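Participant: What follows is a predicted structure for the sequence shown.
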Amino acid sequence: MADVNTPGTGKAFLAGLHEALRSYDRDDVLAGLALLADLQVTQAQLRACPALGLGRAVRAVLNAALDRLAQRDRQAADLLVRHFVRGESTAHLVRVHDCSERTIFTRQRQALAALAQVIWEAEDAARLSGPLSESQQAALAGLPPPSFSRLFGVGELLTRLKDFLRSERGCPLIALEGMGGIGKTALARTAAEELVREGCFGRVLWITARQQFFAWGNIQPVERPVLTYAELCEELYQALQLGSPLRESEAGQELRLRQALSREPTLIVVDNLETSRDIQAVVAGLDRLARPAKVLLTTRHRVAAYESVTSLTLRELSREDALAFIHYHAGERNVPAVLNAPLDALERIVAVTDGNPLALKLVIGQMHARPLAVVLDDLATTRAGAREFYRYIFRYSWDQLSPAARHLLLHMPLLDARGAAGEELAAVSGAVAAAEFWAAVEELVNCSLLNAGYAGGRLLYSIHRLTEYFILSDLVHAEKT
Ligand SMILES: Nc1ncnc2c1ncn2[C@@H]1O[C@H](COP(=O)(O)OP(=O)(O)OP(=O)(O)O)[C@@H](O)[C@H]1O
Ligand SMILES: [Mg+2]
């Protein structure tokens, strides 16, 4: 157990932490606690999701620390959560633990010190990782904005993935396979960023195989997905600033690409490979281009059959990871109905979503407006196919939106799939008052229909592919017919 006088866990910090826990639900008080608000870990939360605001960013730091403490000392975390988060009285805890009031206070003090220690460890790690150099920033500029502030249950897979990508020998094509919303893009992004930070890659070329579905100003769902090998080469030419590939033969193009790729350690990410029109040709072409470059593919469909590809499969979150994620995300979004829910209700959320992170986020997002029991009952009776399930979740989230939020969401597919800045959102969605526009942004972020995250030093907003699918198939298409 941490000593209250060790550096970094001094008494002033402990007092601030105590105050923060006592004001767990009060955004205004949390935002005013400088000792916590100024931490790098808090600022990192804010950078990842500015719509949170300072108070909620502090709460997200508290939640993350409570989660980590629970892994180390479940009883200590449990005591703090029961008293400060769920508001159980000391008298009640005395009865539950069958001990004296004094013992409860002593344990609480010790738990608080342990929590401070956990926060300072995270803070040290954040300070050590330090700011990015200019070349690292440039390498990461093309990545999509992160849709998360913390990933759960992927530690082992991330280590394996990074080992594959770091290794000089072995297969240069690695695929992350798994169903929609399971976390392939999130994991690929995390691996790419960490490997750039470690200095393994000086360049990341992020290509999304997703089709631009629209003509500017006119939402036009297109039936067939594209991305052929020729188009991939064209995108790589552009990313490497090699001019136009059109005047060169395929062999000539490959030669130039290989030369350019060998100049600097490069990671090519092809996101959503399954939407490619000709997966076989794309994979074969990438295999010729790789070495020394590495290629990371994400795909909903299995590609394990391709000899040149090593596959890693993402599975749903385990019960423990899903519960930890629910708690964390509900804190991030400030959804007391979930934070205060009994364990069996949380377990029903896990069961009904099969531990799929996107489904978990969307279900939590609905709790702003509807009682947990109602959401769960409705979901449980409509769990048919995965696609129907998402459609059902989206439809409910949509029904609850304000007109301004609906208006904004309908226009999101017109913007760059990799994310667009607030001004672009405002421009494309037409003139609404600034306050109303930002309220709509926050509303959509709160119910996980809009992602907000920093990329290349800019705050960008984007929507998930399944959200886009819903907008196009159920909203736009339905309106036209
Ligand atoms: N392990 C995780 N912990 C917390 N959040 C996660 C995790 N994995 C994914 N998420 C979140 O769930 C959502 C869906 O993840 P992501 O977009 O990476 O899924 P995907 O597998 O790429 O889906 P698709 O096949 O539709 O492209 C994102 O908002 C992401 O931040
Ligand atoms: Mg994806």
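Facilitator: Received it, and whenever you're ready, just let me know what you need. Numbers count the residues shown, from 1 in each chain. Ligands and ions are numbered 1, 2, ... in the order given.

Participant: When you work out contacts or count neighbours from here on, use the C-alpha atoms and nothing else.
Facilitator: Noted.

Participant: Now do the strands in this structure.
Facilitator: 173-177, 203-208, 266-271, 294-299, 309-313, 451-455, 458-462 (DSSP state E).

Participant: quick one, which of those is nearest to L410?
Facilitator: For L410, the closest of the strands of the chain is strand 458-462, at 12.4 Å, according to C-alpha to C-alpha.

Participant: what's that closest one packed up against?
Facilitator: If contacts are counted by 3 or more C-alpha pairs under 8 Å, 6 or more residues apart in numbering; DSSP states H and E, strand 458-462 sits against helix 422-428, strand 451-455.

Participant: Out of the ones you listed, which gets nearest to R391?
Facilitator: Distance to R391, taken as C-alpha to C-alpha, is lowest for strand 451-455 among these, at 18.3 Å.

Participant: quick one: average confidence on the top helix by length along the chain?
Facilitator: What stands out as the longest helix in the chain, according to DSSP state H, is helix 101-129. Helix 101-129 carries an average pLDDT of 84.

Participant: Nearest spatial neighbour of whichever residue of the stretch 351-481 of the chain sits closest to ligand 1, chain-adjacent residues omitted?
Facilitator: Using C-alpha to the nearest ligand atom, L358 is the residue of the stretch 351-481 of the chain that sits closest to ligand 1, at 3.9 Å. Nearest residue to L358, sequence neighbours excluded (C-alpha to C-alpha, 6 or more residues apart in numbering): G181, at 4.8 Å.

Participant: Likewise for Q253?
Facilitator: P245 (6.3 Å).

Participant: For the one you found, give its distance to A230.
Facilitator: According to C-alpha to C-alpha, to the nearest Å, P245 stands 9 Å off from A230.

Participant: out of these two, which sits in the more crowded spot?
Facilitator: Neighbours per residue (other C-alpha atoms under 10 Å) separate P245 from A230, with P245 holding more: 21 against 16.

Participant: Identify the residues contacting the closest residue to ligand 1 within the stretch 201-350 of the chain.
Facilitator: Going by C-alpha to the nearest ligand atom, ligand 1 is nearest to R300 of the stretch 201-350 of the chain, at 5.4 Å. Taking C-alpha atoms under 8 Å, 6 or more residues apart in numbering, we find R300 in contact with 177-180, 272-274.

Participant: Dump those residues into TSV; add distance to ligand 1, pLDDT and neighbour count as well.
Facilitator: Output for the contacts of R300, formatted as TSV (distance: C-alpha to the nearest ligand atom, whole Å; pLDDT from 0 to 100; neighbours: other C-alpha atoms under 10 Å):
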residue	distance to ligand 1	pLDDT	neighbour count
E177	8	92	25
G178	6	88	19
M179	6	82	17
G180	3	81	22
N272	6	87	23
L273	10	90	25
E274	9	83	21
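
Participant: Can you tell me which of the residues you listed is nearest I463?
Facilitator: For those, the nearest to I463 is G180 (13.5 Å; C-alpha to C-alpha).

Participant: Could you measure from the nearest residue to that closest one once chain neighbours are set aside over to A186?
Facilitator: Excluding its sequence neighbours, the residue lying closest to G180 (C-alpha to C-alpha, 6+ apart) is R300, at 6.3 Å. Remark: distance between R300 and A186 (C-alpha to C-alpha) = 14 Å.

Participant: And for R395?
Facilitator: 24 Å.

Participant: Then Q43?
Facilitator: Using C-alpha to C-alpha, one obtains 21 Å as the distance from Q43 to A186.

Participant: what's the answer for A91, then?
Facilitator: In this view, A91 and A186 are 44 Å apart by C-alpha to C-alpha.

Participant: Equivalent analysis for H301, please.
Facilitator: Plainly put, H301 is 17 Å away from A186 if you go by C-alpha to C-alpha.

Participant: And for L410?
Facilitator: 24 Å.

Participant: Go ahead and confirm L297 touches V270.
Facilitator: Yes. Under the criterion of C-alpha atoms under 8 Å, L297 is in contact with V270, at a separation of 4.9 Å.

Participant: Contact partners for F201?
Facilitator: Contacts for F201 were tallied using C-alpha under 8 Å, 6+ apart; they are 195, 264-267.

Participant: mind redoing it with 6 Å?
Facilitator: Taking C-alpha atoms under 6 Å, 6 or more residues apart in numbering, we find F201 in contact with 265-266.

Participant: The residue nearest to V85 when sequence neighbours are not counted and ligand 1: what is the separation?
Facilitator: In this structure, V85 finds its nearest non-sequential neighbour in Y24, 6.4 Å apart by C-alpha to C-alpha, 6+ apart. For Y24, the distance to ligand 1 (C-alpha to the nearest ligand atom, to the nearest Å) stands at 22 Å.

Participant: cool, and L165?
Facilitator: L165 is 18 Å from ligand 1, where distance means C-alpha to the nearest ligand atom.

Participant: Which pLDDT value goes with that residue?
Facilitator: 95.

Participant: what about it, neighbour count?
Facilitator: 25.

Participant: Over to F84?
Facilitator: For F84, using other C-alpha under 10 Å, the count is 18.

Participant: give the contact list for it.
Facilitator: Residues near F84 by C-alpha under 6 Å, 6+ apart: 21-22.

Participant: and if you look at N356?
Facilitator: So N356 contacts 182, 316 (C-alpha under 6 Å, 6+ apart).

Participant: again, 8 Å this time
Facilitator: Neighbouring residues of N356 by C-alpha under 8 Å, 6+ apart: 181-182, 316-317.

Participant: from what I can see P145 touches L450, true?
Facilitator: No. P145 lies out of contact with L450 (C-alpha under 8 Å); the separation is 11.5 Å.

Participant: Now do the shared contacts for these two.
Facilitator: In terms of C-alpha under 8 Å, 6+ apart, P145 and L450 are both contacted by the residues 461-462.
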